[in-house]
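Sequence plus the predicted model coming up.
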Amino acid sequence: AQSVTQLDSHVSVSEGTPVLLRCNYSSSYSPSLFWYVQHPNKGLQLLLKYTSAATLVKGINGFEAEFKKSETSFHLTKPSAHMSDAAEYFCVVTTNAGNNRKLIWGLGTSLAVNP
Amino acid sequence: NAGVTQTPKFRVLKTGQSMTLLCAQDMNHEYMYWYRQDPGMGLRLIHYSVGEGTTAKGEVPDGYNVSRLKKQNFLLGLESAAPSQTSVYFCATARDLSYEQYFGPGTRLTVT
């Protein structure tokens, strides 16, 4: 069965320090993985995606994520947090294998950035 | 290009009333989704469509119906609204399941 677990519901960092938002997945098939961001009272926007090409994926606003099959993880990182990064972040996994097509969202991680 | 639009942006209903939310896209995407977002529960998939004339149930379909009569439109209906359906509803579109989703701005629905 497919699943997505975002290991932290809340993360708080200081401005200028690194960000790590953790996502583990379970999938019987080769997955596609996504990170979306939602700023307060806004819609959702794609940050980055992995679809079986390079395992290190670079996204917008300096974020990147590494697909680690052996660890079934797709953690989101940024070297230096900015105040504007404060938002809700969602990890999503999809599998598109024949009759087994799934789309699963994580519950989200709320990122707070302190001055 | 408008992308993905949702109508209305806000709505207040009384228990038992009905309404339809409209999602329209000009991206020529096959896949369309309806989600609801509640605090602490992330996004939950209500119904989705893989093409004109097709619909399928998602994670939380009870109390909702959908139709996709035209490729560009995906309608979400509430036949008899309940307070538990108070939520923010998002529509999204995608080329296919493995592609990124593009979201509408959301509809905030309150059922009293």
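Sure, I can see it. Fair warning: this is a prediction, and the values are worked out from it, not measured in the lab.

Contacts for the longest strand seen in chain A, please.
Criterion DSSP state E: the longest strand present in chain A is strand A:87-97. Residues outside strand A:87-97 that contact it (CB atoms under 8 Å, 6 or more residues apart in numbering or on different chains) are A:2, A:4, A:6, A:21, A:23, A:25, A:27-40, A:44, A:47, A:74, A:76, A:101-106, A:108-111, B:42-43, B:96-98. Where you see a C-beta, it was placed from the backbone N, CA and C, and this is true even at glycine.

taking the mean pLDDT, what do you get for stretch A:43-57?
Per-residue pLDDT over stretch A:43-57 has a mean of 89.

As CSV, could you dump the C-alpha coordinates of that stretch?
Taking Å, rounded to 0.1, in the frame of the first residue of the first chain, the C-alpha atoms of stretch A:43-57 are listed here in CSV:
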residue,chain,number,x,y,z
GLY,A,43,-3.4,28.6,-2.8
LEU,A,44,-0.9,25.9,-3.4
GLN,A,45,2.2,26.1,-5.6
LEU,A,46,4.6,23.5,-6.8
LEU,A,47,8.1,23.7,-5.2
LEU,A,48,9.8,20.8,-7.0
LYS,A,49,9.2,17.3,-8.3
TYR,A,50,11.0,14.0,-8.8
THR,A,51,10.0,11.8,-11.7
SER,A,52,12.8,9.2,-12.0
ALA,A,53,15.4,11.5,-13.5
ALA,A,54,18.1,13.0,-11.3
THR,A,55,17.8,12.1,-7.6
LEU,A,56,18.7,15.6,-6.4
VAL,A,57,16.0,17.9,-7.5
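
tell me which residues of stretch B:23-37 are tucked away?
B:23-25, B:29-37 (16 or more other CB atoms under 10 Å in any protein chain shown).

a markdown table for the residues you listed, including secondary structure?
Shown next, in a markdown table, are the buried residues of stretch B:23-37 (DSSP: H, G, I helix; E, B strand; the rest coil):
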| residue | secondary structure |
| --- | --- |
| B:23 | strand |
| B:24 | strand |
| B:25 | strand |
| B:29 | coil |
| B:30 | coil |
| B:31 | strand |
| B:32 | strand |
| B:33 | strand |
| B:34 | strand |
| B:35 | strand |
| B:36 | strand |
| B:37 | strand |
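
on that earlier part again, from the contacts of strand A:87-97, list the buried ones, please.
For the contacts of strand A:87-97, buried by 16+ other CB under 10 Å: A:2, A:4, A:6, A:21, A:23, A:25, A:27, A:31-38, A:44, A:47, A:74, A:76, A:102-106, A:108-111, B:42-43, B:97-98.

and the residues you listed, which of them are in strands?
Members of the buried ones among the contacts of strand A:87-97 lying in strands (criterion: DSSP E): A:4, A:6, A:21, A:23, A:25, A:31-38, A:44, A:47, A:74, A:76, A:102-105, A:109-111, B:43.
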